[in-house]
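Asks: Here is my input, please return the structure:
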Amino acid sequence: MKLGFSRKTGKEWALTSWKSTVDPSIGEFSLRMDSEIPDGFVIMKGSEIYWTSGPWDTDSQTFSLVPEMRFNNMFNISFINNPNEVYFTYSLYSSFNVSTRLVMDLSGQIEELSWLESLKGWNLFWSQPRRTCDLYNSCGSFSRCSNYTLPVCTCLNGFRPSAPKKWQQNDYSLGCARRIQLQCGQMGYGNGDKDGFLKMDHVTFPLYYNLTERISHKACESACLGDCSCTAYAYNGSGTGRCLQWYDDLLNLRQLSEDDPNSNTIYIHLAASELRNSRGKMGPTQDILLFDVDMSVAARTNETSEKGIGNEKNMKDALLPLFSFSSVTAATQNFLNANKLGEGGFGPVYKGKLLNGKHVAVKRLSKKSAQGMLELRNETMLIAKLQHKNLVRLLGCCLERDEKILIYEYMPNKSLDSFLFDQAKRCLLNWEKRAHIIEGIAQGLIYLHQHSRLRIVHRDLKASNILLDSEMNPKIADFGLAKIFGGNESEANTNRIVGTYGYMSPEYALEGVVSTKSDVFSFGVLLLEIISGKKNTGFYQTDSMNLLGYAWQLWQEDGALCLVDSALENHNSDGTLMRHINVALLCVQEIAADRPTMSEVLTMLTNELLILSSPKQPAFSYIRTQKIPEPPLYRPDLDSINDVTVSVMEAR
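Replies: A predicted model of the protein is given here:
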């Protein structure tokens, strides 16, 4: 297949959509090479740009705005640029015997499809655009678009909406404009201040830049600073590298996660007063600022009494409704034992009913609980800021008298462990439901690790902390032990270990090193539990292997499917189950760097065409026990034992 154009004849090779599902004549959308950036593609909707691939990166062999290409191991893509023609072409590597097709769908999506013989159908390998920010310039000029925040569009620091009323109506097409114009030149203001640049990390480059090769960073910056029409610059390389400069409007700038390998840094040209106002308001600096504010609330909490008005003030900082103690007692019928849903490491949880008829879950912290005001503040401040369908929603709190109570949305199907480790109820979890739960947990962790305002490590991921709504959608709960990372932090050390034995990664349990890979390890343990229906901490064999060791032994003996829960006898999904077991073992590898990120985990689980690497031996695959005379392979009686959370808390 060939897409591009001939420089000699003007002939173009493009892909067009059908007019309708039954009319194959030329439709509204077309995929063609970008005339402005001849190393990228655009989807045109009539004469307007609808989507852009971003420029081609020769080193990574990807288009900057098509992240799926990072996992490409099927297609050999070539970019040809010579005096006669410019085009892209691709073919399958010889090791793949599969049919593929590229379709310009009449909905405006470009789709890469592969034929799966096992399913007798076409499988979607990737498609674009999928979300709001994938569309061309969806937020207008001088704005940034994020698929993971609300609102989706925000003006860059130093800019404001060009049409505020339309902006309030979610019409961002007119974009943003400068609040204060540049001085134009380097003479300085009356107070000696000069125009300068504000650094923005983890973004895509805006479209249509001028490129200068073999220039120093300082020279690149000075050239932009001395030109009022230069709105931003970026620099790639050290010493003498590539200088990118933008003139006029900045278009199609997207905010990415900190872990995205396609992210870049750009410097926005701003007036001096805007630079003073913008310090600490975006990118990693924003995370650091929020983290510091969070810590100051913790400090105030420690300085004040754990009673009455002092606590209420701190909790109001979390922007949560405060419930009176009388309303909570009424909702739970004075904490009637019949309404008790369960009990965690920090206290009991009750079902309640508010005056408006809404059911809620009421977590009442025990007065003897190790969770004090610091941890309560941690949980409320965190969940109040998090918005994701796979995270439990916190509705409010009560802090009257000596009480510390949290009110959550009610999950009628309780927690995952109540199904998974119950001999009768786990039959209700067929493979389709389990796979849906696995994917939901992964999506929730990706949000915590990459896409929320703060990078968060849960530190206590386990089956009892996965709640299920009425449709069996999973929601991650219990953020009392979560750790926030600010700025470019990727890991931290602690002398106090918190979490649940059996789910802790080795570097955390033994050395106090915590990172997102700690959650990946816990997810791998949980994934093996969901597949097997067996608890890691309730599973023993005569040679002292736990569930991880048993899974590893079966994997080495090519008998991994023997791990599968007997309740899934008629699953007919051997290939999918093998893929899930493989991914689980990759997650529980001993060295953190060997484990995938949660984004990579989700891609590996959902893309059957990806070739997975072989796992290394898991950590903690053997347990130290006294000699036990021939215990059974699995002890269901241990399923009823509560997980013991190590609840020694630390200042974060």
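
Asks: for the stretch 501-650 of the chain, what are the low-confidence residue spans?
Replies: By pLDDT under 70, the low-scoring segments of the stretch 501-650 of the chain are 538-544, 621-650.

Asks: now for the longest strand anywhere in the chain, which elements pack on it?
Replies: Ranked by residue count under DSSP state E, the longest strand found in the chain is strand 23-33. Using 3 or more Cβ pairs under 8 Å, 6 or more residues apart in numbering; DSSP states H and E as the contact test, the elements touching strand 23-33 are strand 2-6, strand 15-20, strand 41-45, strand 85-92, strand 100-104. In short, each C-beta sits where N, CA and C put it, glycine included.

Asks: Residue 417: neighbouring residues, count only.
Replies: By other Cβ atoms under 10 Å, the residues close to residue 417 number 21.

Asks: would you list the helices and strands packed on strand 23-33 in JSON lines and tack on mean neighbour count?
Replies: Converted to JSON lines, the helices and strands packed on strand 23-33 look like this (neighbours: other Cβ atoms under 10 Å):
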{"stretch": "strand 2-6", "mean neighbour count": "16"}
{"stretch": "strand 15-20", "mean neighbour count": "16"}
{"stretch": "strand 41-45", "mean neighbour count": "22"}
{"stretch": "strand 85-92", "mean neighbour count": "16"}
{"stretch": "strand 100-104", "mean neighbour count": "16"}
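
Asks: May I see these arranged in TSV, with distance to residue 249 and mean pLDDT as well?
Replies: As requested, the helices and strands packed on strand 23-33 are arranged in TSV below (distance: least, Cβ to Cβ, whole Å; pLDDT from 0 to 100):
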stretch	distance to residue 249	mean pLDDT
strand 2-6	26	88
strand 15-20	29	89
strand 41-45	17	89
strand 85-92	26	82
strand 100-104	28	87
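
Asks: picking that back up, sheet partners, orientation included, of the longest strand of the chain?
Replies: Its sheet considered, strand 23-33 pairs with strand 15-20 (antiparallel), strand 41-45 (antiparallel) by DSSP bridges.

Asks: Show residues contacting it.
Replies: Outside strand 23-33, the residues that touch it by Cβ atoms under 8 Å, 6 or more residues apart in numbering are 3-5, 12, 14-20, 40-46, 50, 86-88, 104-106, 108, 110.

Asks: Domain parsing of this structure, as residue ranges.
Replies: As assigned by automatic domain parsing, the chain contains the domains 2-130, 143-279, 286-409, 416-646.

Asks: so which of the helices and strands packed on strand 23-33 gets nearest residue 552?
Replies: In terms of Cβ to Cβ, the element of the helices and strands packed on strand 23-33 nearest to residue 552 is strand 85-92, at 33.7 Å.

Asks: Quick check: neighbours of that closest one in the sheet, parallel or antiparallel?
Replies: Here strand 85-92 is paired, per DSSP bridges, with strand 2-6 (antiparallel), strand 75-81 (antiparallel).

Asks: could you dump those to TSV with distance to residue 536?
Replies: Output for the strands paired with strand 85-92, formatted as TSV (distance: least, Cβ to Cβ, whole Å):
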stretch	distance to residue 536
strand 2-6	50
strand 75-81	39
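
Asks: between those strands, which gets nearest to residue 447?
Replies: Residue 447 lies closest, by Cβ to Cβ, to one member of the strands paired with strand 85-92: strand 75-81, at 29.4 Å.

Asks: Flag every buried residue along that closest one.
Replies: For strand 75-81, the buried set under the neighbour-count rule, 16 or more other Cβ atoms under 10 Å, comprises residue 79.

Asks: if we can go back for a sec, distance to residue 136 added to the domains of the chain, as a markdown table?
Replies: Below are the domains of the chain laid out as a markdown table (distance: least, Cβ to Cβ, whole Å):
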| stretch | distance to residue 136 |
| --- | --- |
| domain 2-130 | 4 |
| domain 143-279 | 6 |
| domain 286-409 | 26 |
| domain 416-646 | 22 |
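
Asks: mean pLDDT for these: which is lowest?
Replies: With a mean of 67, domain 286-409 has the lowest mean pLDDT of the domains of the chain.

Asks: Give me the contact list for stretch 438-452.
Replies: Contact partners of stretch 438-452, identified using Cβ under 8 Å, 6+ apart, comprise 147-148, 257-260, 385-386, 388-391, 455-458, 461, 466, 473-476, 482, 516, 519-520, 523, 526-527, 530, 580, 597-599, 601-602, 605-606.

Asks: Just the buried ones from those, in ChimeraX syntax?
Replies: Selection of the buried residues among the contacts of stretch 438-452 in ChimeraX, burial being defined by 16+ other Cβ under 10 Å:
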select :148,257,258,259,260,385,386,388,390,391,455,456,457,458,461,466,474,475,476,482,516,519,520,523,526,527,530,580,597,598,599,601,602,605
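
Asks: next one: stretch 581-596 to chain centre, how far?
Replies: A distance of 18 Å separates the centroid of the chain from that of stretch 581-596, by Cα atoms, centre = their mean, to the nearest Å.

Asks: Would you mark the buried spots in it?
Replies: Across stretch 581-596, burial judged by 16+ other Cβ under 10 Å covers 581-590, 592, 595-596.

Asks: For residue 223, state which of the residues you listed is nearest.
Replies: residue 596 (41.2 Å).

Asks: The nearest residue to that closest one once chain neighbours are set aside: which element?
Replies: Counting by Cβ to Cβ, 6 or more residues apart in numbering, residue 596 lies nearest to residue 586, which is 5.8 Å off, once chain neighbours are set aside. Using DSSP states H and E, residue 586 sits within helix 574-587.

Asks: which one of the strands paired with strand 23-33 lies closest to residue 134?
Replies: Among the strands paired with strand 23-33, the nearest to residue 134 by Cβ to Cβ is strand 41-45 (10.0 Å).

Asks: after the closest one comes which helix or strand?
Replies: Going down the chain from strand 41-45, the next helix or strand is strand 48-52, by DSSP H and E.

Asks: can I get the CA coordinates of that next one in CSV?
Replies: What follows is strand 48-52, C-alpha atoms only, in CSV (Å, rounded to 0.1, in the frame of the first residue of the first chain):
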residue,chain,number,x,y,z
GLU,A,48,-11.0,21.0,6.5
ILE,A,49,-8.4,19.2,8.5
TYR,A,50,-10.1,16.7,10.9
TRP,A,51,-7.2,14.8,12.4
THR,A,52,-3.4,14.7,12.0
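
Asks: Next, the buried residues of it.
Replies: Neighbour counts using 16+ other Cβ under 10 Å place 49-52 of strand 48-52 among the buried residues.

Asks: wait, which of those is closest to residue 141?
Replies: Looking across those and measuring by Cβ to Cβ, the closest to residue 141 is residue 49, at 13.8 Å.

Asks: just to revisit the earlier point, among the contacts of stretch 438-452, which are in helices?
Replies: Using DSSP state H, 385, 516, 519-520, 523, 526-527, 530, 580, 598-599, 601-602, 605-606 are the members of the contacts of stretch 438-452 that sit in helices.

Asks: taking these as a set, which two sit the farthest apart in space?
Replies: Across the ones in helices among the contacts of stretch 438-452, the longest distance by Cβ to Cβ is 31.6 Å; it joins 385 and 580.

Asks: Figure out the helix or strand that residue 608 lives in.
Replies: Assigned by DSSP H and E, residue 608 falls within no helix or strand.

Asks: list the contacts for it?
Replies: Taking Cβ under 8 Å, 6+ apart as the contact definition, residue 608 lies against 116, 123, 575-576, 579.

Asks: Output those in CSV; the columns should cover distance to residue 223 and neighbour count.
Replies: Converted to CSV, the contacts of residue 608 look like this (distance: Cβ to Cβ, whole Å; neighbours: other Cβ atoms under 10 Å):
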residue, distance to residue 223, neighbour count
116, 52, 15
123, 49, 16
575, 56, 11
576, 55, 14
579, 51, 18
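
Asks: And these, which is closest to residue 362?
Replies: Of all the contacts of residue 608, residue 576 has the smallest distance to residue 362: 38.8 Å, by Cβ to Cβ.

Asks: which residue sits closest to that closest one in space, ignoring its chain neighbours?
Replies: Leaving aside its sequence neighbours, residue 576 sits nearest to residue 435 (Cβ to Cβ, 6+ apart; 7.2 Å).
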